[in-house]
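**Student:** missing the sequence, but the structure's below:
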C-alpha cells in the first residue's frame, strides 16, 4: 500500500493509476479525508451493494423521491434528527 497527497497525485496521475493495478493507492486529502484508487475491473457486479435486492429497491425509491421533489432540506446538521419525522 502507498499513501500519497493530492498534490503528488496531480503531478504523477498516470504513475499512480498504473500502480493501482498492482497495489492499493490511498490519497490523503487534507487531514481527515482519504480516498482509494480502485481499477474498474476490480469492482464486481457481485459486490454486496449490487446484489442486495433490498438496498437496490431503497435506492430506486430514493431516486424516485428526488425526481418527484419529495426531499427535505437540512440547513443545520446539529438539528438533523429534529428535522426527520418519526414513523
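**Tutor:** Arrived safely, thanks for sending. Nothing here was measured: the structure is a model prediction, and the numbers come from that model.
**Student:** distance of the closest residue to residue 21 other than its chain neighbours from residue 24?
**Tutor:** Spatial nearest neighbour of residue 21, excluding adjacent residues (Cβ to Cβ, 6 or more residues apart in numbering): residue 39 at 5.8 Å. For glycine as for every other residue, the C-beta is placed from the backbone atoms N, C-alpha and C. Note on residue 39: its distance to residue 24, by Cβ to Cβ, to the nearest Å, is 11 Å.
**Student:** so what are the domain limits for the chain?
**Tutor:** What automatic domain parsing lists as the domains of the chain is 2-38, 44-71.
**Student:** Output those as CSV; include the columns mean pLDDT, distance to residue 78 and mean neighbour count.
**Tutor:** CSV is the format used below for the domains of the chain (pLDDT from 0 to 100; distance: least, Cβ to Cβ, whole Å; neighbours: other Cβ atoms under 10 Å):
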stretch, mean pLDDT, distance to residue 78, mean neighbour count
domain 2-38, 93, 19, 12
domain 44-71, 82, 20, 10
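**Student:** Bridged to the spatially most central residue of the chain, which residues?
**Tutor:** Nearest to the mean C-alpha position of the chain, counting by Cα atoms, centre = their mean, stands residue 35 at 8.9 Å. Applying DSSP bridges to residue 35 gives these bridge partners: residue 27.
**Student:** who's in contact with it?
**Tutor:** 26, 27, 29 (Cβ atoms under 8 Å, 6 or more residues apart in numbering).
**Student:** Would you agree the second one is in contact with residue 7?
**Tutor:** No. Applying Cβ atoms under 8 Å as the test, residue 27 and residue 7 come out as separate, 10.1 Å apart.
**Student:** what packs against the longest helix along the chain?
**Tutor:** Taking DSSP state H as the criterion, the chain has its longest helix at helix 53-67. Contact partners of helix 53-67 among helices and strands, from 3 or more Cβ pairs under 8 Å, 6 or more residues apart in numbering; DSSP states H and E: none.
**Student:** got the residue ranges for the strands in this protein?
**Tutor:** 2-5, 25-29, 33-37 (DSSP state E).
**Student:** Select, out of those strands, the one closest to residue 80.
**Tutor:** Residue 80 sits nearest to strand 33-37 of all these, at 20.3 Å, using Cβ to Cβ.
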